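**Student:** A predicted structure for the sequence below; I have some questions about it.
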Amino acid sequence: MSHPFTPVDVPEKRVVAELSEDLVESLARVGEAVGLEGSAGLDELTDHLAALTEPTTLVLVGWQRMAFAEPGAWAALRAVLERAADADENFVVLHGPISRDGNAAL
């Protein structure tokens, strides 16, 4: 399950993906953060997340931009990430701040 940004009690490996308003760009950033090489669609990201072997925390920075500008795209990406988190207790998604600037935890 995804959670608001709380940088404690989550797997030690923390990766950060800074989202944009664009789904394709955001998918690329999430994929890169979790080690997926090349471009990825929602299906490729789903398969990759299911195959993760190392406990991982994914922090989504700037998700608010996408949620406001493209609510349908945000809902699709969020659904993929939440399903992955629900299926694997070693994968956690945190909804981070709007920016990395000034956030020492990132």
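**Tutor:** Arrived safely, thanks for sending.

**Student:** Confidence-wise, which helix or strand of this protein is lowest on average?
**Tutor:** Taking mean pLDDT, DSSP states H and E as the measure, the chain has strand 2-4 as its least confident helix or strand, at a mean of 50.

**Student:** what are the ranges of the helices in the protein?
**Tutor:** Using DSSP state H, the helices of the chain run over 23-33, 42-50, 63-69, 71-87.

**Student:** These: which one's closest to residue 96?
**Tutor:** Distance to residue 96, taken as CB to CB, is lowest for helix 63-69 among the helices of the chain, at 7.3 Å. Every residue, glycine included, has its C-beta placed from N, CA and C.

**Student:** What's the end-to-end length of stretch 79-96?
**Tutor:** In stretch 79-96, first residue to last residue: 17 Å (CA to CA, to the nearest Å).

**Student:** Repeat that for stretch 59-70.
**Tutor:** End-to-end distance for stretch 59-70: 19 Å, by CA to CA.

**Student:** residues touching the closest residue in space to residue 42 that isn't next to it in sequence, list them.
**Tutor:** Closest residue in space to residue 42, ignoring its immediate chain neighbours: residue 80 at 5.4 Å, by CB to CB, 6 or more residues apart in numbering. Residue 80 sits next to 42, 45-46, 49 when contact means CB atoms under 8 Å, 6 or more residues apart in numbering.

**Student:** what about 10 Å?
**Tutor:** For residue 80, the contacting residues are 27, 30, 41-43, 45-46, 49, 93, by CB atoms under 10 Å, 6 or more residues apart in numbering.

**Student:** picking up where we left off before, would you format the helices of the chain as JSON lines with distance to residue 100 and mean pLDDT included?
**Tutor:** Compiled in JSON lines, the helices of the chain are given as follows (distance: least, CB to CB, whole Å; pLDDT from 0 to 100):
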{"stretch": "helix 23-33", "distance to residue 100": "12", "mean pLDDT": "92"}
{"stretch": "helix 42-50", "distance to residue 100": "21", "mean pLDDT": "91"}
{"stretch": "helix 63-69", "distance to residue 100": "13", "mean pLDDT": "92"}
{"stretch": "helix 71-87", "distance to residue 100": "19", "mean pLDDT": "94"}
